[in-house]
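1. I'd like to go over a predicted model; first the sequence, then the structure.
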Amino acid sequence: MTPLQPTRRLFLQRTGFGLGGAALGTLLQQDALGAEGNPLAKLGLHHAPRAKRVIYIHLVGAPSHLDLFDFKPELQKRSGELCPDEFFKGKQLAFIREQPNLLGTPKDDKFAFKRCGKSGVEISNLLPHLQGVADELCFIKSLHTDQFNHAPAQLFALTGFARFGRPSIGSWVSYGLGSECEDLPAFVTLITGQILGAGNSAWGSGFLPTIHQGVEFRSQGDAVHFLTDPHGVSRPERKLVVDAVKDLNQLALDDIGDPEIATRISQYEMAFRMQASVPELMDIQSEPQRIHEMYGTQPGKSSFANNCLLARRLVERGVRFVQLFDEGWDHHGSVFDALPKKTAQVDRPIAALLRDLRERGLLDDTLVVWNAEFGRTPMAQGTSGNGDERTKAGRDHHKDAYTVWMAGGGIKPGHVHGQTDELGYAIAEDPVHIHDFNATLLHLLGIDHERLTFRYQGRQFRLTDVHGKVVHAFLA
């Protein structure tokens with residue numbers, strides 16, 4: 001029997017039908033075409049984009065949105081009362097086992113809310129720097145999800161599915177749009193703290209070709225493992241090895257036609273180019289002192305502030321999707337002690353990032369996202385929430401209503417979408433499901449979430465599965 005010869009039709013069958021598969025083909029030809037030859041890098045996949053790139057901040061563990069962005073005077077007034085039956089009976093909660101008391105935001109000035117900017121949006125005094133850029137922010141106060149434990153909820157938010165094996169949102173964006181840069185990956189991940197519950201599946205490529213997997217950059221030592229040439233091996237010698245491996249892989253690709261081999265060729269070449277581009281990228285010491293003071297960065301150290309500055313440098317160089325993970329927001333106890341410490345770490349650098357992008361003319365086509373896997377309960381966990389015990393109180397996981405924000409990239413600035421009830425438990429108007437949120441993010445990038453698909457195990461898959469609708473109400 002004559003072996004099946006590699007053809008364009010066979011390539012598309014194996015990598016996914018439609019425009020998504022064609023986008024991959026375009027990406028793999030990028031070396032030959034150059035950045036100017038890749039129309040997907042500029043035009044969007046399905047319609048004109050409002051954003052070209054994304055900086056996605058994921059706060060691991062989920063901050064208490066009720067104490068930061070969704071102030072509830074009635075909850076504060078009734079703090080310490082037994083929560084209503086409908087908040088507890090028959091509900092799924094992660095750790096609360098006995099009917100808890102309501103827990104309002106403390107009444108001291110440190111936790112007070114302030115109406116900010118011309119828009120008058122309310123932000124806690126725990127975030128004074130963010131208050132200063134309030135008119136850039138669009139709050140979605142009615143987000144909800146299906147999962148109430150960390151790893152499944154992280155996977156659900158970032159891959160559209162609660163179990164391992166699906167591509168992350170950054171991988172879908174890379175698959176759909178490719179990269180604007182030849183010398184850096186399309187999708188980069190920066191992490192502060194310990195690895196999150198979902199692990200590297202949160203930036204994995206799942207069943208997509210592995211060229212679309214997020215590449216983790218570290219802020220200390222080699223930014224990427226094995227970036228430095230081995231001891232005793234010169235750059236010309238390293239290039240000879242890369243070229244020899246490419247030739248062998250090309251022979252295999254010509255013989256078999258497996259697109260993963262094309263991915264491997266591209267990755268070897270990208271890794272070699274990154275040996276020159278990444279050290280310059282990571283050298284934040286070269287930034288002006290004014291920038292370091294604005295972000296609160298400390299060159300040579302690992303910090304969220306450093307990662308925010310690196311995120312700006314990455315998108316400035318054409319990286320399509322930068323994902324920042326910051327660990328330490330899972331406050332089941334002593335939430336009012338822990339929250340000020342965490343907000344102090346992220347407030348200044350995030351506000352600086354927005355200002356910096358605005359000053360450089362990048363914010364209008366860069367989408368910045370503040371998100372987490374779910375919200376926190378308006379009920380106390382672990383104490384009655386009264387008297388001296390109040391300082392030890394925490395908040396449990398809450399999937400039914402929470403607040404996130406977006407900025408730049410086609411979003412209505414200084415806008416609030418959706419509301420929760422007077423106690424912050426349930427959505428009162430304009431609910432937004434996490435699938436809707438992801439569909440809207442893709443829409444802003446010029447992608448129709450129903451058309452960006454990949455054929456795997458006999459059916460077409462997409463980020464939003466069989467759900468999701470674009471929320472036009474908070475688009476500019």
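-> Structure received.
2. Report the distance from the helix or strand containing Leu143 to the chain centre.
-> Assessed by DSSP states H and E, Leu143 sits inside strand 137-144. Strand 137-144 sits 15 Å away from the centroid of its parent chain (C-alpha atoms, centre = their mean, to the nearest Å).
3. and that strand, which strands flank it?
-> Partners of strand 137-144 in the sheet, by DSSP bridges, are strand 402-408 (antiparallel), strand 415-417 (parallel), strand 432-433 (parallel).
4. how close does Asp183 get to Arg376?
-> To Arg376, Asp183 is 41 Å away according to C-beta to C-beta, to the nearest Å. C-betas here are computed from N, CA, C, even on glycine.
5. In terms of neighbours, single out the busier of these two.
-> Arg376 (29 against 18; other C-beta atoms under 10 Å).
6. could I get the strands paired with strand 137-144 as TSV with mean neighbour count?
-> Shown next, in TSV, are these (neighbours: other C-beta atoms under 10 Å):
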stretch	mean neighbour count
strand 402-408	26
strand 415-417	20
strand 432-433	20
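7. of all those strands, which lies closest to Tyr56?
-> Of all these, strand 402-408 sits nearest to Tyr56, with 9.8 Å by C-beta to C-beta.
8. which residues are contacting that closest one?
-> Strand 402-408 has contacts (C-beta atoms under 8 Å, 6 or more residues apart in numbering) with 51, 62, 65, 68-70, 133, 136-141, 143-144, 354, 357, 363-372, 374-376, 413, 437, 474.
9. Report the buried members of those residues.
-> With neighbours counted by 16 or more other C-beta atoms under 10 Å, the contacts of strand 402-408 contain buried members at 51, 62, 65, 68-70, 133, 136-141, 143-144, 354, 357, 363, 365-372, 374-376, 413, 437, 474.
10. Sort out for me which of those are in helices.
-> Secondary structure from DSSP state H places 354, 357, 437 of these in helices.
11. Serialize the strands paired with strand 137-144 to a markdown table and add fields for distance to Ser79 and mean pLDDT.
-> Converted to a markdown table, the strands paired with strand 137-144 look like this (distance: least, C-beta to C-beta, whole Å; pLDDT from 0 to 100):
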| stretch | distance to Ser79 | mean pLDDT |
| --- | --- | --- |
| strand 402-408 | 19 | 98 |
| strand 415-417 | 24 | 98 |
| strand 432-433 | 27 | 98 |
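12. Need these in a markdown table (columns: distance to Arg455).
-> Output for the strands paired with strand 137-144, formatted as a markdown table (distance: least, C-beta to C-beta, whole Å):
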| stretch | distance to Arg455 |
| --- | --- |
| strand 402-408 | 31 |
| strand 415-417 | 35 |
| strand 432-433 | 25 |
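13. Am I right that Phe156 falls within a helix?
-> Yes - assigned with DSSP: H, G, I helix; E, B strand; the rest coil, Phe156 falls within a helix.
14. Burial check on it, number of neighbours?
-> Neighbour count for Phe156, taken as other C-beta under 10 Å: 22.
15. again with Asp421
-> Neighbours of Asp421 (other C-beta under 10 Å): 15.
16. Would you confirm that it contacts Asp400?
-> No - counting by C-beta atoms under 8 Å, Asp421 stays clear of Asp400, with 10.4 Å between them.
17. who touches both of these two?
-> By C-beta under 8 Å, 6+ apart, Asp421 and Asp400 have these common neighbours: Ile427.
18. Report the residue spans of the stretch 301-450 of the chain with pLDDT below the cut-off.
-> The stretch 301-450 of the chain contains residues with pLDDT under 70 at 384-391.
19. residue boundaries of the strands in it?
-> Counting by DSSP state E, counting those that start in this stretch, the stretch 301-450 of the chain has strands at residues 321-327, 366-371, 375-381, 394-398, 402-408, 415-417, 419-420, 427-429, 432-433.
20. For the third one, which outside residues touch it?
-> Pointing back at strand 375-381 there. With contacts defined as C-beta under 8 Å, 6+ apart, strand 375-381 is touched by 62-66, 72, 75, 83, 87-88, 93, 95-96, 100-104, 143, 331-333, 335, 385, 390, 393-399, 401-403, 423-425.
21. what secondary structure does Gly300 sit in?
-> Three-state assignment for Gly300 (three-state DSSP): coil.
22. From Gly424, how far off is the residue nearest to Ala393 when sequence neighbours are not counted?
-> Spatial nearest neighbour of Ala393, excluding adjacent residues (C-beta to C-beta, 6 or more residues apart in numbering): Ala380 at 4.2 Å. Using C-beta to C-beta, Ala380 is found at 13 Å from Gly424.
23. okay, now Glu81: neighbour count?
-> Residues within reach of Glu81, counting by other C-beta under 10 Å, total 14.
24. Okay, the residue lying closest to it once chain neighbours are set aside and Val416: tell me how far apart.
-> Residue nearest to Glu81 in three dimensions, not counting chain neighbours: Leu102, with 5.2 Å by C-beta to C-beta, 6+ apart. Noted for Leu102: a distance of 23 Å to Val416, by C-beta to C-beta.
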